[in-house]
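Visitor: Structure for this input, please:
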Amino acid sequence: MPGPRASVPQVPLARVSPAGLAADGDSFLTILLVEDDDGDALLVEETLRDSGLAVRLTRARSMAEARRELSGEHGPPAQCVLLDLHLPDAQGLDVVGQVLAEAPRAAVVVLTGLAEEGVGLSAVAAGAQDYLIKGVFEPTVLARSVRYAVQRRQIEQAAMALEASRMRAQENARLERGLLPSPLLHGAGVQVVSRYEPSRSLGLLSGDFYDVVETPDGTVHAVIGDVSGHGPDEAALGVCLRVAWRSFTLAGVTGTGVCELMQKVLVAERTGAEIFATVTTVELPPGLTKAKVVRAGHPPLLLRRPGGVRLVETAVGPALGLLPDGRCHWREDHLDLPAAGGLALFTDGLFEGRVSSDGGRLGEDGLLALADRYAGRPAEEFVTAVIAETRALSADHGGHSDDVALLHLEWNQQK
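Guide: From the prediction side, this is the model:
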């Protein structure tokens, strides 16, 4: 049977410690003492009592007890672990690794014997923040070691978080280059304005993608797509589909043929059978009298004219990856274009944000009403205003939970 958990009387401090661990007796440093020897444990407890630290101390006599304490089931997790390396169920430097695995945010101060100073140094190399020799340290030495160990651990954690953030930023930049390339245009007949904003979760890109290219005959081709799900796997698949679309288009494949080939790519590259992608492709031929539109499960388009904005519902087929190749039927639709105007292609994250306390969403009709208020603005201002207002409407109700992509194609020709 394990013995009772010992505790040190809580001694309030008169000032903030160097590590900011306690102030005026209102905060206590949580310490777990892992020591099977009652005599050594009593020595540590008395030294802590005399150190002036305000602590809440618990004790474990084995690694099994330590795991239970470090799990957080019995109270706040330990900020510092005073650790003996010779326990009934664990020995040596492996004990340090086990403690760090159970409580990766805790500082570890190893307690060694007089003849084991080399082991203490090895423990620090293995991940502990400090070591002390039993029976030698004074109260002030123990207090300083604990404070600085916790502070060092906090600095290490902050450095790790900073490095992780840097790596995420680099990965985000690589994904962004793949998902959101520069338009490949040769003429000045069509101007492109685009925006991509990741969801609020970590600010990471997901599977939304778009692209614009012009083929030698002067036709401007555009695509926008959205891979189901969120995360780096979806973003990687989005990059793959975007590159495939550009390659197929430049090779002369257009219309429904592009959807058929993109579906083959998606099925071959996706990580699960449940993953699909919605896609819209648009072709603007020279003269800009009609646009050819193919939609695979994707939202409708916004057509901007001098008199306002309208929502355009063209023929729509299944999303890529939902049905086997032989059962997929997409249809090319044609859209009459005004002499001057613009087409806005967007992903569903633009209108699916919650805008009311009862969970109501903006929806396509709400997006149309909002966009119509900015119909007369220049393209850059129109795109910026539409995204900004949709975000503002959802800000008090959880914000946008999905990525937002908007691709705007504008022309002004005499017919």
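
Visitor: going forward, measure contacts and count neighbours with C-alpha atoms only.
Guide: Will do.

Visitor: hey, where'd the strands end up in the stretch 301-415 of the chain?
Guide: If DSSP state E, counting those that start in this stretch is used as the criterion, the strands of the stretch 301-415 of the chain fall at 301-305, 308-312, 316-317, 333-336, 340-346, 404-412.

Visitor: Now render the ones you listed as JSON lines, adding distance to residue 136.
Guide: Shown next, in JSON lines, are these (distance: least, Cα to Cα, whole Å):
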{"stretch": "strand 301-305", "distance to residue 136": "77"}
{"stretch": "strand 308-312", "distance to residue 136": "80"}
{"stretch": "strand 316-317", "distance to residue 136": "78"}
{"stretch": "strand 333-336", "distance to residue 136": "85"}
{"stretch": "strand 340-346", "distance to residue 136": "69"}
{"stretch": "strand 404-412", "distance to residue 136": "62"}
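
Visitor: what about stretch 277-290, how long is it end to end?
Guide: 26 Å (Cα to Cα, to the nearest Å).

Visitor: The chain should start at 22 in everything you say after this.
Guide: With the count now opening at 22, the last piece we talked about shows up as stretch 298-311.

Visitor: Contacts made by that stretch with the rest, please.
Guide: Here stretch 298-311 makes contact (Cα atoms under 8 Å, 6 or more residues apart in numbering) with 238-249, 276, 312-319, 340-342, 355-360, 366, 434, 436.

Visitor: From the chain's centroid, how far away is that stretch?
Guide: In terms of Cα atoms, centre = their mean, to the nearest Å, the centre of stretch 298-311 is set 33 Å apart from its chain centre.

Visitor: Please report the distance of the nearest residue to residue 275 once chain neighbours are set aside from residue 306.
Guide: Leaving aside its sequence neighbours, residue 275 sits nearest to residue 269 (Cα to Cα, 6 or more residues apart in numbering; 7.7 Å). Remark: distance between residue 269 and residue 306 (Cα to Cα) = 17 Å.

Visitor: which secondary structure elements does the least confident helix or strand in the chain by mean pLDDT contact?
Guide: Every helix and strand in the chain was compared by mean pLDDT, DSSP states H and E; the lowest is helix 160-200, with a mean of 79. Packing partners of helix 160-200 (3 or more Cα pairs under 8 Å, 6 or more residues apart in numbering; DSSP states H and E): helix 59-72, strand 101-105, strand 128-133, strand 151-154, strand 229-235, helix 253-271.

Visitor: Which SSE is immediately downstream of that helix?
Guide: Where DSSP states H and E defines the elements, the next helix or strand beyond helix 160-200 is strand 212-218.

Visitor: quick check: angle from that next one to helix 160-200?
Guide: 150 degrees (axes from the mean of the first three to the mean of the last three Cα atoms, to 10 degrees).

Visitor: Parallel or antiparallel, list what pairs with strand 212-218.
Guide: The partner list of strand 212-218 in its sheet, established with DSSP bridges, is strand 425-433 (antiparallel).

Visitor: Provide the contact partners of the partner strand at residue level.
Guide: 210-220, 229-231, 245, 360-371, 400, 404.

Visitor: Need the residues that contact stretch 261-277.
Guide: Contacts with stretch 261-277, where a contact means Cα under 8 Å, 6+ apart, come from 199-200, 230-232, 234, 236, 242, 244, 279, 283, 286-287, 302, 313-315, 351-353.

Visitor: so for it, what's the average pLDDT?
Guide: Taken as a whole, stretch 261-277 carries a mean pLDDT of 94.

Visitor: Pull the distance from that stretch to the chain's centre.
Guide: On Cα atoms, centre = their mean, the centre of stretch 261-277 falls 29 Å from that of its chain.
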